[in-house]
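Novice: Need coordinates for the below:
(one chain, ligands or ions: 1)
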Amino acid sequence: EFQPSSKVRRLPEQFFARLEKQAKDLHATTESVINLGQGNPDQPTPEHIVEALQKGAEDPINHKYAPFTGFQYLKEAVATFYKREYDVTLDPTEEVAILFGGKTGLVEVCECFLDEGDLALVPDPGYPDYLSGVALAGASMHRMPLKHENDYLPDYRAISNETFEKAKLMLLNYPNNPTAGIATPKFFEETVALAEQHDVCVVHDFAYGAIGFDGEKPISFLQTEGSKNVGVEIYTMSKTYNMAGWRIAFAVGNRSVVHAIETFQNHYYCSIFGAIQEAAAAALTGPQDVVQQCVELYEERRDVLVQELHRIGCPIHPSKGSFFAWMPVPEGFTSEGFATELMEKCSVIVAPGNGFGEAGEGFVRIGLLESTERIKEAVNRIAQLNVYGN
Ligand code: PLP
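Specialist: Sure thing, here's the model as predicted:
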């Protein structure tokens, strides 16, 4: 038996890998499991994107290694997308890096900018892979609590000057997973000002960029003046276009960050299958109606969930964006305890909030990734527990 490196030993069990295993075990023994635990879009990839992949797969140019840093046409498609959606101008060559999915990019950017002993500012609760990136780099983190009373934005006044001075990297994510909060222009302006003042590199994870509710389109960090001087935005195809299995995303913005990511990747990978790059370009520049349809679908599910949970006495706040809901656990339960109760007594899987950080204790995350009927059924099963004083 071989002892893995200290790098590997530093890594905790991956939170979603654990959830996936739990779900598999439950499916093996129980019928009618309702899995609201994971963040896997339930709708298929739009047909024209699949067709672009099929066509690309037949083209011999894609049977060879693709260019190291990706095809230029894809970088141009990303620039077209940012101009069309956010009125942000990007230099396709210098300001766009192509990534093997957002998850990989987020871990890579930590490896690129954190040395052992460095400090990163990380949202709490937050997407668990931020912690993986920081752990792999051997850095430490300062957690920024996201609370309802502050609209799930970090309170920068609670962070000392000394901490800001020490920090090298700050990770942010709006629309937020797991709290479903959204950012405001003012918050991003403050972020840019602080990052400039303290020389912190900002990485804004815009995974749910397309998913805003109540008619509100989520804003891109790059719409903020000066943002390109202080960081990048990571945009994945997984959620906007139901392409989670395809593994493709982008980092856009600051040239030195884009350059570092590309340098790092050149030693790890030899680009992405060209047919996937063609499909991604087709997604970014082709018809966008499916995106809006999905947002409407998630919003309808959110409304049903909130209505049903209020009916049984659960004081949940309606999500503003992303495809998650952040549900307070009933009195007397921990996050983990409530998730286990739901799994064992209701065959309903949810993600315990403490898996997203210390400040996630007291909540579970629900994915709006099942039909409204199944969501209603899940709440009916929860109602039978009589835990919300209903
Ligand atoms: N960031 C957030 C907040 C996410 O929720 C996810 C996926 O669940 C990702 C990034 C990574 O997405 P992907 O690796 O599929 O691009």
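Novice: Quick one: residues in contact with stretch 375-390.
Specialist: Residues from elsewhere that reach stretch 375-390, judged by Cβ atoms under 8 Å, 6 or more residues apart in numbering: 34, 36, 301, 304-305, 308-309, 311-314, 330, 332-333, 341-342, 345-348, 368, 370. The way it works is simple: take the backbone N, C-alpha and C, and place the C-beta from them, glycine included.
Novice: Show me what counts as buried in that stretch.
Specialist: Within stretch 375-390, the residues that count as buried by 16 or more other Cβ atoms under 10 Å are 375-379, 381-383, 387-388.
Novice: ok but I366 is inside a strand, no?
Specialist: Yes. Judged by DSSP: H, G, I helix; E, B strand; the rest coil, I366 forms part of a strand.
Novice: doesn't L305 make contact with it?
Specialist: Yes. Applying Cβ atoms under 8 Å, one finds I366 in contact with L305, separated by 6.8 Å.
Novice: Tell me where the stretch 201-350 of the chain has strands.
Specialist: For the stretch 201-350 of the chain, strands defined by DSSP state E, counting those that start in this stretch occupy the ranges 201-205, 231-236, 249-253, 324-328, 348-349.
Novice: And the contacts of whichever strand or helix holds D25?
Specialist: Assigning secondary structure by DSSP states H and E places D25 in helix 15-29. Residues outside helix 15-29 that contact it (Cβ under 8 Å, 6+ apart) are 33, 35, 37-39, 128, 343, 347, 349, 351, 355-356.
Novice: and what of stretch 71-84?
Specialist: 88-93, 95-96, 98, 220, 222, 235, 250, 252, 274, 277-278, 280-281, 284-285.
Novice: Any idea how far apart the tips of stretch 141-156 sit?
Specialist: 15 Å (Cα to Cα, to the nearest Å).
Novice: ok, what's across the strand from G231?
Specialist: V202 (DSSP bridges).
Novice: what about it, neighbour count?
Specialist: The tally of other residues near G231 (other Cβ atoms under 10 Å) stands at 26.
Novice: got the contact list for it?
Specialist: G231 touches 170, 195, 201-204, 221, 253-254, 257, counting by Cβ under 8 Å, 6+ apart.
Novice: so where's this protein shaky on pLDDT?
Specialist: 390 (pLDDT under 70).
Novice: Break it into its domains for me.
Specialist: 6-45+289-383, 47-285 (automatic domain parsing).
Novice: so which helix or strand takes in K186?
Specialist: With DSSP H and E as the test, K186 turns up in helix 185-198.
Novice: Only the buried residues of that helix, if you could.
Specialist: Quick answer for helix 185-198 (16+ other Cβ under 10 Å): 187-188, 190-192, 194-195, 198.
Novice: Now flag whichever of the contacts of G231 is closest to L114.
Specialist: Closest approach to L114 among the contacts of G231 (Cβ to Cβ): C201, at 9.5 Å.
Novice: which residues are common contacts for I366 and L305?
Specialist: Contacts common to I366 and L305, judged by Cβ under 8 Å, 6+ apart, are A325.
Novice: Which one of the two is surrounded by more residues?
Specialist: I366 (30 against 24).
Novice: What is the most widely separated pair among the contacts of helix 15-29?
Specialist: Largest separation among these by Cβ to Cβ: P128 and S347, giving 24.2 Å.
Novice: Mind checking which of those two has more residues around it?
Specialist: More neighbours surround P128 than the other of P128 and S347, with 21 against 18 (other Cβ under 10 Å).
Novice: residue contacts, the more buried one?
Specialist: 14-16, 355-356.
Novice: Which members of those residues are classed as buried?
Specialist: 15-16, 355-356.
Novice: which of those come close to the ligand?
Specialist: Residues of the buried ones among the contacts of P128 in contact with the ligand (Cβ under 6 Å from any ligand atom): none.
Novice: Kind regards, and thank you for your time.
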